[in-house]
Each structure stands twice: as C-alpha cells, then as structure tokens.
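Novice: sequence and predicted model, in that order:
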Amino acid sequence: MYTCGICTMDVCRTGEIEKGPKNCPCKDEIIEESKIEYKKEENYLLARNSALVEAEGYCKKTRIEEIMDFAKKCKYKKIGIAFCIGFKKETKILHDILSKNGFQVESVICKSGSISKSIIGINREEQVRPYCEHEAMCNPIGQAKLLNKANTDLNLMFGLCVGHDSLFIKYSKAPITVMAVKDRVLGHNPIQAIYLADSYYKSKLFPKE
C-alpha cells in the first residue's frame, strides 16, 4: 500500500531514502525496473526533454509555451489536437498559435462521426438533452484513430470529458500531453474544488458522518 499523498517526510526529494517509511515506493524494486525503461530511446528522449523544459521554463513560461518547447526539443513536426466541441473557439486560437510557430496541426473534434448515443445503450431519458431525437456521443476512440491515421508526433488533449480522456489515451499511438481538462462548473480548473474542500465544497466532497 503506497501512501505518498499523506507522507510528510519527502525523502524522495532529499535522497535520504533510508529514512523513509517501510512502504515508501523509493524502496520498491519497481524503481530499479523503471530506471531501465528510461534507457529506451523514446523514453529517454521524452524524459530528458521534459526535464529540460521544466528547468528552462520554471515559473516563467505558460503551459502552451512549454508544450511548444517540448515538441521542438523532441523534433516533433505534426501536432494533433483532440478537443471538445465546447472548446471550439479556444481550439481555433490554439490551432493558429501552433501553426504560426511552425507546426503542422491536425485537429479532431469530439463529435466526429455524429454517432448516436443509442449505440452505447443511452436512451432519451439518459441524454444530456432528452428532448433531442439525435444526441451525438463523444467519440474519443475515433479521435485517436483519426490522429493515428494522420501520423501525428504528439497529441494534445483539450477539454475532453472524464472517461473520454481515458479512452483517447488508451487508443492514441502518439505520446499525449494535456492542454486543458473538462470541468464545466469550475471553469475547467478542477483543482479549485480541492482548494475549497475545507469550506464551500466540504459537504459535496466528503461523505456525511
């Protein structure tokens, strides 16, 4: 059982592994296995360049700047964007930014195929809009396969819903990074609920005793 989320020792940062608790992942044999994986060419490239981007842009560059820096260091030319239809305006701007910075951009919307939700057993009463005769489902598998077909070097997830993002990650052949995640209530800033977990969102996030 790993409990890093509630650990107060942070030996992983200091290197004093022997002082860590018995269940500290730093002491697990899997760590040595992971070191071997970093020697593989693609893993080495991704890990090294992300470390360089972190150091060069630390508290200075926005995420979109860091994504572009990372892509350039990895010599990625073609970037895919898997985006939510609710982010269409933002995707147009992102598409333009990436293009102007020399990248070839492939963007695929979540509703690709206009597939009825009925194929996954959703009836009218279970739809977001029950009054609609045809409510198109999000198609993250299709998004991934279309970007695979386009031979993208790097894919950006831009506002995909919970679960849809899981399927996109499962089927994408290219490495993935996240531009933004979906949280309609908090303006796509889900961590805000954690900041308010002891106040406004306490009754929503914790079971009643």
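Specialist: Alright, I've got the coordinates.

Novice: what residues go with each domain of this structure?
Specialist: Per automatic domain parsing, the structural domains of the chain span 1-37, 39-74, 76-209.

Novice: so residue 156, which state does it fall into?
Specialist: strand (DSSP: H, G, I helix; E, B strand; the rest coil).

Novice: let me know how buried it is, in neighbour terms.
Specialist: If you count neighbours by other C-beta atoms under 10 Å, residue 156 ends up with 24. All C-beta spots, glycine's among them, are computed from the backbone N, C-alpha and C.

Novice: pLDDT value on it, please?
Specialist: We have a pLDDT of 98 for residue 156.

Novice: if we can go back for a sec, need the winner for burial among the domains of the chain.
Specialist: domain 76-209 (a mean of 16; mean count of other C-beta atoms under 10 Å).

Novice: where do the helices sit along the chain?
Specialist: All helices of the chain, identified by DSSP state H, fall at 11-14, 30-37, 41-57, 63-73, 88-100, 140-149, 164-171, 192-195, 202-205.

Novice: list the contacts of the lowest-mean-pLDDT helix or strand in the chain.
Specialist: Ranking every helix and strand in the chain by mean pLDDT, DSSP states H and E puts helix 202-205 at the bottom, with a mean of 90. Residues from elsewhere that reach helix 202-205 (C-beta atoms under 8 Å, 6 or more residues apart in numbering): 193, 196-197.

Novice: many thanks, have a good one.
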